[in-house]
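> I would like the atomic coordinates for the input below:
(chains A and B)
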Amino acid sequence: DAKTTQPPSMDCAEGRAANLPCNHSTISGNEYVYWYRQIHSQGPQYIIHGLKNNETNEMASLIITEDRKSSTLILPHATLRDTAVYYCIVRVDRSGNTPLVFGKGTRLSVIA
Amino acid sequence: DAGVTQSPTHLIKTRGQHVTLRCSPISGHKSVSWYQQVLGQGPQFIFQYYEKEERGRGNFPDRFSARQFPNYSSELNVNALLLGDSALYLCASSWGETTNEKLFFGSGTQLSVL
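Now for the predicted structure:
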């Protein structure tokens, strides 16, 4: 079972920041927080991941609370192409097989 | 560079038949994973292969099997198809098998079992 809780859906106005929350209250010290998204009719796409510190890349920012029990994915200027299902996943840090465990994710609709 | 390619893109089978799905990873990637995505749900892990060896198996019946070839491409086989096997089957590749590897997914094979 997924170890994260996300709202089933969210709307965001085009050009505004989209803030997608994720609760992972049972996260362990060696578990990373990953975000993937899935645009309709495509496979999931990696966005960003982090352990403790906030992370930023060309796609998004990841803000992890100090107690690591929750995080927020921020798309700074959402466009219509960002409409997708966003998955928050916790994944243990170890060698060998550690498959991604997907929940149902958050369906983000960016509205013009 | 080409991404992960899967074939066929769509497939229709009847109950009891067998199906083979194919995946070509990104050049240089040695690990391939298979996921099943039923409509309205997130993808579920089926198998992972690394260097032609099975590294992990999800909670799927023995009707599901897979293999990886010397060129790192992979096949997923499903025997005795059931209606419930109707789903999008996703292949993902990564360079290695360590945790922090990003997975790159293909667009999937949509399987319909009638």
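
> Tell me where chain B has strands.
B:5-7, B:10-13, B:19-24, B:31-37, B:44-50, B:53-57, B:64-68, B:74-78, B:87-94, B:104-105, B:109-113 (DSSP state E).

> Wait, A:Ile64 touches A:Lys52, no?
Yes - when contacts are counted by CB atoms under 8 Å, A:Ile64 is listed as touching A:Lys52 (6.3 Å). All C-beta atoms are positioned from the backbone trio N, CA, C, and that covers glycine.

> which residues of chain B score low on pLDDT?
Within chain B, the ranges that satisfy pLDDT under 70 run B:1, B:98-100.

> Quick check: bridge partners of the residue minimising distance to the centre of chain B?
Among the residues of chain B, the one closest to the centroid is B:Trp34, at 3.1 Å (CA atoms, centre = their mean). Applying DSSP bridges to B:Trp34 gives these bridge partners: B:Phe47, B:Cys91.

> what's the nearest residue to the most centrally placed residue in chain A if we skip its chain neighbours?
Nearest residue to the geometric centre of chain A (CA atoms, centre = their mean): A:Trp35, 3.3 Å. The shortest distance from A:Trp35 to any non-neighbouring residue, by CB to CB, 6 or more residues apart in numbering or on different chains, is to A:Ile47 (4.3 Å).

> ok, then the element right after the helix or strand where the one you found lies?
Assigned by DSSP states H and E, A:Ile47 falls within strand A:45-50. Counting by DSSP H and E, the next helix or strand C-terminal to strand A:45-50 is strand A:55-56.

> hmm, that next one touching chain B?
No - Strand A:55-56 lies apart from chain B when judged by CB under 8 Å from any CB of the partner chain; the minimum separation is 12.4 Å.

> Provide the contact partners of that strand at residue level.
A:48-49, A:61-62 (CB atoms under 8 Å, 6 or more residues apart in numbering or on different chains).

> strands paired with the helix or strand that that strand is followed by, and their directions?
For strand A:55-56, the following helix or strand on the C-terminal side (DSSP H and E) is strand A:61-64. Sheet partners assigned to strand A:61-64 using DSSP bridges are listed as strand A:55-56 (antiparallel), strand A:70-75 (antiparallel).

> mean confidence score for strand A:61-64?
Per-residue pLDDT over strand A:61-64 has a mean of 98.
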